[in-house]
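[1] The amino acid sequence is not available; the structure is as follows:
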């Protein structure tokens, strides 16, 4: 598996799959170097997108593996690389969140993330906030 920071050359493949944010916001994230791409043999298998919570703490907004690419260790490897990069940039804590009705909470717990709170927005499921000390 290869991990690379997305560039504007990757916008088409990313926007084909990234349906959680508008394309213009995806372009902003790519320009800021805040999108990691996972490739296997050159084939796109998923991505990680982050921002800074309170402009201070790296917050993983999206970790997504394409159908057929889950359960193969890509997500674990992608998160580990991101955490390593955040540590190298001087951060000592990272955060993420997931809906309480999604399996992702168990995935993050296995990676050492701890629940630190949550909230409910509208009629959506409870959103769990997690953090990890690097």
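    Thanks, I have it. Since this is a predicted model, take the numbers as computed values, not measurements.
[2] which residues touch the longest strand along the chain?
    Looking across the chain with DSSP state E, the single longest strand is strand 43-53. With contact meaning CB atoms under 8 Å, 6 or more residues apart in numbering, strand 43-53 is reached by 1, 6, 13-14, 17-18, 21, 26, 29, 34-39, 58-66, 69, 74-75, 78-79, 82, 95. Using the backbone N, CA and C atoms, a C-beta is placed for each residue, glycine as well.
[3] Sheet partners, orientation included, of that strand?
    With DSSP bridges as the test, strand 43-53 is paired with strand 35-40 (antiparallel), strand 57-65 (antiparallel).
[4] ranges for the strands of this structure?
    2-5, 35-40, 43-53, 57-65, 93-99, 114-119, 127-133.
[5] The longest helix along the chain vs strand 57-65, what angle?
    The longest helix of the chain (DSSP state H) is helix 74-88. Computed by axes from the mean of the first three to the mean of the last three CA atoms, to 10 degrees, the angle separating helix 74-88 from strand 57-65 equals 160 degrees.
[6] Now do the buried residues in helix 74-88.
    Within helix 74-88, the residues scored as buried using 16 or more other CB atoms under 10 Å are 74-75, 78-79, 81-83, 85-86.
[7] helices or strands next to it in the packing?
    With contacts taken as 3 or more CB pairs under 8 Å, 6 or more residues apart in numbering; DSSP states H and E, helix 74-88 sits against strand 2-5, strand 35-40, strand 43-53, strand 57-65, strand 93-99.
[8] what angle do that helix and strand 93-99 make?
    Going by the same axes, to 10 degrees, helix 74-88 makes 150 degrees with strand 93-99.
[9] which outside residues touch helix 74-88?
    1, 3, 36, 38, 40, 45-48, 50, 58, 60, 63, 65, 94, 107, 111, 132, 134.
[10] hang on, the earlier thing: mean confidence for the longest strand of the chain?
    For strand 43-53, mean pLDDT is 97.
[11] same check, this time on stretch 2-21
    Rounded mean pLDDT across stretch 2-21 is 96.
[12] Under the pLDDT cut-off, which ranges of this structure? List them.
    Within the chain, no range satisfies pLDDT under 70.
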